[in-house]
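>>> fold the stuff below for me.
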Amino acid sequence: MYSYKISYECNGEIYNINKTQCAHFTINERRENNRFIVEIIPNTKIRIKNFKIIIPYSYKSNQTVFVNGYQSWTESREYRIDEKMNGFTLIKEMMVKSPLNSQSGMGRAGDYFFCKYPRKKGVFYGYSYGYVKDGNHIDLFASLSERCGYTIIRFDVNKSIAVIEKDFDGVVFSKRTLLADFTVLNGKYDKVFDKWFEMMDIKCLNSARQCGYTTWYNYYKNINEEIVKADLKALSRISKKVDIFQIDDGYQQSTGDWLNVDSNKFPNGMKYLADEIHTAGMMAGLWLSPFAAAKDSFIYKEHRDWLICDESGVPYLAGANWGGFYAVDFYNKEAADYIKHVFNTLLNDWGFDMVKLDFLYAACLVPIYNKSRGQIMCEAMDFIRECVGDKMILGCGVPLMPAFGKVNFCRIGADVALKWKYDKFQIREDVSTPNTVACSIFRRGLNGRAFLNDPDVFLLRDDNIEMDIRQRQLLAVINSLFGSLLFVSDNISQYSEEQMHIFLDTIRDKEVEIIDAQLCKKDIIKIEYLLNNKKQILKFNYKNGKMN
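Numbering: from 1, shown residues only. Below is the predicted model:
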């Protein structure tokens, strides 16, 4: 029992229909067990403006709804069915109407410019997968492929429907084409996620969780060779082996100029530091953003033809970071060759074992070459994996489903802030400890199936931080329970005995089984789990980090 709602353009006219056949095309449907496949056979060229499959669904008052945000950083959690998704209308209107937006790139990490947002209580939406939860039983609505276009899943409690919607912006259909490939599964949480990944035939590239260090959340771009060596030395002295030492943003002269190292900050170059990390018994990781080029980069100055442009031919700002940055077109052969050369140098000449790849969403901001955003992002991740070979990838700032099976680790929440404060009016991709904690808990179904989840860092230090010790401990516990990449960003030589004990306990291997995690009233999250076969219960307010 479902129906269609389709809006399309043909020969300059807009048509609205709710059937599978018309003068301009035929829709073919095919069912294979729990798989639902929809194809279009056009008789002429058409553009699909809106494509929805509407499924009747009865909601119950005790249920919660999970919606997966657009990309790694986007707020993603379970909602009570009487809640309203925060701030959408206000944020969108402010961004779209702002005359500065085209010059700043503000908000382009999200979907604010191409997706319709809910305005009422009881209406929720997300990407690729979502579910309705009743106890430990879920009804999962999930895409099986995003290569034809992103799947937007909407839950409307007021109308008693669930909607499968597709983003075909930028695509002209002229031949037989897959429109949707999705499933609806129900059962216990883990069994349903197992079945979904079995249907997609996607397997996690890594099985063992890793622990490590990143320079970012203490020093940000203010790093140099001496800072890196000092923190490396402190980590090499502890009893527990640390797996990865990752150098983040700040080593390069400009974003996009990945091989032009700032010689004032790193006089001996990056190969020297990779060797130092290896000597300390750790794998060496390095940050870069392969699809980004800042205004002071050689790409922007000398190779603007490598950049993605808007409809008027002007390079398209992909974000506000680094004073505004542009998106590199990996379909451009010269640009692709440069990116391949960068990875070959970093991984083979310099000797890094892992790359943290950030701001990956930039690749698919603009539909180009008659491809949808979803198709572009999937092909971008294919390209990245080809470049990196069998070395490790930590994906970040990426729409999640195109990264399934392509990255070893993936960030599944926003950047951790140095304080624990919730702001319902902020952009959903902004730095936020509450949001990333919620993402860590409610995106747990991806861990060990799509990739190993990176919940972002935990921080225990006393200086340069605004969280109290209880909040810092809680963050460490959440990361330890739900994360498979446990990174710290402290100089651990400054730890007290208590802080060192917490640090070692956080990264220590544990036998953890999550029984259930649920959102209760008043922003309380309740987690039931087995720790070394002993049942534990953790309750806390995720918006302020206080134990309940």
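>>> for the rest of this, base every contact and every neighbour count on C-alpha atoms.
Noted.
>>> where do the strands sit along the stretch 51-200 of the chain?
Along the stretch 51-200 of the chain, counting by DSSP state E, counting those that start in this stretch, strands occupy 64-67, 77-80, 123-127, 129-134, 137-143, 151-156, 161-166, 177-188.
>>> tell me how far the third one lies from the chain's centre.
Centre-to-centre, strand 123-127 and its host chain are 16 Å apart (C-alpha atoms, centre = their mean, to the nearest Å).
>>> average pLDDT across it?
Taken as a whole, strand 123-127 has an average pLDDT of 97.
>>> now it - C-alpha only, PDB.
Extracted in PDB, the C-alpha atoms of strand 123-127 (Å, rounded to 0.1, in the frame of the first residue of the first chain):
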ATOM      1  CA  VAL A 123       7.700  15.700  11.100                       C
ATOM      2  CA  PHE A 124      11.300  14.400  10.600                       C
ATOM      3  CA  TYR A 125      13.700  13.800   7.700                       C
ATOM      4  CA  GLY A 126      17.100  12.400   7.100                       C
ATOM      5  CA  TYR A 127      19.300  10.700   4.500                       C
END
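>>> neighbouring strands - and their directions - for that strand?
Sheet partners assigned to strand 123-127 using DSSP bridges are listed as strand 151-156 (antiparallel).
>>> just want the angle from the strand it pairs with to strand 137-143.
For strand 151-156 against strand 137-143, the angle by axes from the mean of the first three to the mean of the last three C-alpha atoms, to 10 degrees is 140 degrees.
>>> buried set for strand 151-156?
Residues of strand 151-156 classed as buried: Thr151, Ile152, Ile153, Arg154, Phe155, Asp156 (neighbour count, 16 or more other C-alpha atoms under 10 Å).
>>> gap between that strand and the chain center?
Centre-to-centre, strand 151-156 and its host chain are 18 Å apart (C-alpha atoms, centre = their mean).
>>> kindly report the same for stretch 185-193.
Its chain's average C-alpha position is 22 Å from that of stretch 185-193, according to C-alpha atoms, centre = their mean.
>>> now do stretch 61-73
In terms of C-alpha atoms, centre = their mean, the centre of stretch 61-73 is found 14 Å from the chain centre.
>>> strands of the stretch 251-400 of the chain, residue ranges please.
Secondary structure of the stretch 251-400 of the chain (DSSP E, counting those that start in this stretch): strands at 283-288, 292-294, 317-319, 325-327, 354-357, 392-395.
>>> give the other helices and strands that the fourth one contacts.
Under the contact definition 3 or more C-alpha pairs under 8 Å, 6 or more residues apart in numbering; DSSP states H and E, strand 325-327 sits against strand 292-294, strand 317-319.
>>> any idea which helix is longest in this structure?
If each helix of the chain is counted by residues according to DSSP state H, the longest one is helix 373-388.
>>> quick one, it and strand 161-166 angle?
Put simply, helix 373-388 runs at 60 degrees to strand 161-166, going by the same axes, to 10 degrees.
>>> still on that earlier bit, which of the buried residues of strand 151-156 sit farthest apart?
Distances among the buried residues of strand 151-156 were taken as C-alpha to C-alpha; the most separated pair is Thr151 and Asp156, at 16.1 Å.
>>> mind checking pLDDT for the residue nearest to the spatial centre of the chain?
With distances taken as C-alpha atoms, centre = their mean, the residue of the chain nearest its centroid is Ser72 (1.6 Å). pLDDT for Ser72: 98.
>>> distance of it relative to Val242?
Distance of Ser72 to Val242, computed by C-alpha to C-alpha, to the nearest Å: 25 Å.
>>> what do you get for Ala438?
For Ala438, the distance to Val242 - C-alpha to C-alpha - is 26 Å.
>>> ok, these two, which is more surrounded?
The neighbour comparison of Ala438 against Val242 (other C-alpha atoms under 10 Å) goes to Ala438, with 24 against 20.
>>> show the contacting residues for the more buried one.
Contact analysis of Ala438 by C-alpha atoms under 8 Å, 6 or more residues apart in numbering lists Glu75, Ser76, Arg77, Gly413, Tyr542.
>>> in helices, which of those fall?
Among those, none falls in helices (DSSP H).
>>> in space, what's closest to Leu20 - neighbours in sequence excluded?
Leu isn't right for residue 20; it's Thr. Among residues not flanking Thr20 along the chain, Ile27 sits closest, at 4.8 Å (C-alpha to C-alpha, 6 or more residues apart in numbering).
>>> how far off strand 177-188 does the helix or strand hosting the one you found point, in degrees?
Using DSSP states H and E, Ile27 sits in strand 25-32. Calculated by the same axes, to 10 degrees, strand 25-32 forms an angle of 30 degrees with strand 177-188.
>>> which SS class is Glu226?
Here Glu226 is helix, with the state taken from DSSP: H, G, I helix; E, B strand; the rest coil.
>>> tell me how many other residues surround it.
When counting by other C-alpha under 10 Å, one arrives at 11 neighbours for Glu226.
>>> check the gap between it and Leu273 for me.
From Glu226 across to Leu273, the span is 10 Å (C-alpha to C-alpha).
>>> show me where pLDDT drops low in the chain?
The model of the chain has pLDDT under 70 over residues 87-97, 99-102.
>>> what about the helices in it?
Secondary structure of the chain (DSSP H): helices located at 88-97, 101-104, 189-200, 216-219, 225-236, 269-279, 298-302, 333-344, 373-388, 400-403, 433-442, 469-482, 497-507.
>>> which positions in the fifth one come out as buried?
Right, helix 225-236. Glu225, Val228, Asp231, Leu232, Lys233, Leu235, Ser236.
>>> kindly report the same for the longest one.
Of the residues in helix 373-388, those with enough neighbours to count as buried (16+ other C-alpha under 10 Å) are 373-381, 383-385, 387-388.
>>> would you turn those into CSV with distance to Leu317?
Listed next are those as CSV, based on distance: C-alpha to C-alpha, whole Å:
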residue, distance to Leu317
Arg373, 16
Gly374, 19
Gln375, 20
Ile376, 17
Met377, 17
Cys378, 21
Glu379, 21
Ala380, 18
Met381, 21
Phe383, 22
Ile384, 21
Arg385, 25
Cys387, 25
Val388, 26
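>>> go through those residues and say which is closest to Asp337.
Distance to Asp337, by C-alpha to C-alpha, is smallest for Cys387 among the buried residues of helix 373-388, at 9.7 Å.
>>> tell me if I'm right that the closest one and Lys340 touch.
Yes. Cys387 is in contact with Lys340 according to C-alpha atoms under 8 Å; the separation is 5.5 Å.
>>> other SSEs contacting the strand holding Ile27?
Under the contact definition 3+ C-alpha pairs under 8 Å, 6+ apart, strand 25-32 sits against strand 35-42.
>>> the spatially closest residue to Leu530 that is not a sequence neighbour: neighbouring residues, count only.
Closest residue to Leu530 apart from its sequence neighbours, by C-alpha to C-alpha, 6+ apart: Glu513 at 5.0 Å. A count of neighbours around Glu513, defined by other C-alpha under 10 Å, yields 16.
>>> and Glu513, how far from Phe298?
Taking C-alpha to C-alpha, one finds Glu513 at 49 Å from Phe298.
>>> spatially nearest residue to Glu511 (excluding sequence neighbours)?
Nearest residue to Glu511 in three dimensions, chain neighbours excluded: Asn532, at 4.9 Å (C-alpha to C-alpha, 6+ apart).
>>> quick one: residues contacting that neighbour.
Asn532 is in contact with Lys510, Glu511, Val512, counting by C-alpha under 8 Å, 6+ apart.
>>> can you pick the most crowded of those residues?
Neighbour counts for the contacts of Asn532 peak at Val512, which has 16 neighbours (criterion: other C-alpha under 10 Å).
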